[in-house]
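Asks: Quick one: sequence plus predicted model below, questions after.
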Amino acid sequence: MAGGLAQRMGRGEKSCIELNGRPLISYIIAALQEAEGIGKIHVSVTQATPETKKLIESNYPEIRVIEAAEGNYVGDMIYSIKTAKFVGPAIIVMCDLPLVRSDIIEDVLKKYETCDEPAMSVYVPIALCKKIGIRPDTVFHKNTKLIVPTGINILDTSDIDNEQPDYNYIVDDPRLAMNVNTPEDLEKCLQLLTEGIE
């Protein structure tokens, strides 16, 4: 998913912002391409992200770009999944997770295979966010725990128009806690990369 306005960043399209000389979206694409169990990759853009569309078409000819309506995140996701004609489960990943690597993607896929629900959402404990010095935008209270959504979900595409019961997978991994919404988040990502978090 790479169609948001990224107003809090104030630096143009979030997908194209560079971290260590690479656009943010390139990190998550690499993680997906290197992960076992991933099929075709599609990037969902909107009219608000024309540079992202150009970046993908110029550098990743094997990836299909889908231009959604720029209505809202859920609507654009549903439109993109239907347009892609996915069959079976699809993993949905935000473009602003530059610390995610293929081992995380593989772990999420393996966990999904063992859960009984048609959908799965990935979270980190809020204590982990505090530990690495970030303040999350969204916090949920589930089963006496405070958890933060990471921006990675798996959905059953055969029932994409309906809300699906989902399994909450809580992962204590700082790489999943770091999604980039502000310039401060970008600086924190660079700090963690410099410190060797992988």
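Replies: Arrived safely.
Asks: what's the distance between Ile154 and Ile91?
Replies: 5 Å (C-beta to C-beta, to the nearest Å). (Glycine included, C-beta is placed from N, CA and C.)
Asks: Please, where are all the strands along the chain?
Replies: For the chain, strands defined by DSSP state E occupy the ranges 18-19, 22-23, 42-45, 64-67, 89-93, 119-125, 140-142, 145-156, 166-170.
Asks: Can you give the strand pairings for the third one, parallel or anti for each?
Replies: Within its sheet, and counting by DSSP bridges, strand 42-45 is paired with strand 64-67 (parallel).
Asks: shaky segments in this protein?
Replies: The chain contains residues with pLDDT under 70 at 5-11, 70-71, 197-198.
Asks: most distant residue from the middle of it?
Replies: What lies farthest from the middle of the chain is Thr144; by C-alpha atoms, centre = their mean that is 25.4 Å.
Asks: Backbone dihedrals for it, please?
Replies: phi 70, psi 10 (degrees, to the nearest 10).
Asks: what is in contact with Ile154 and Ile91 at once?
Replies: 108-109 (C-beta atoms under 8 Å, 6 or more residues apart in numbering).
Asks: Between those two, which is the more surrounded one?
Replies: Neighbour count, other C-beta atoms under 10 Å: between Ile154 and Ile91, Ile154 has more, with 26 against 20.
Asks: Is the more buried one in contact with Glu117, as I believe?
Replies: No - using C-beta atoms under 8 Å, Ile154 is not in contact with Glu117; the gap is 9.5 Å.
Asks: quick one on the thing from earlier: how about the contacts made by the residue farthest from the centre of the chain?
Replies: Residues near Thr144 by C-beta under 8 Å, 6+ apart: none.
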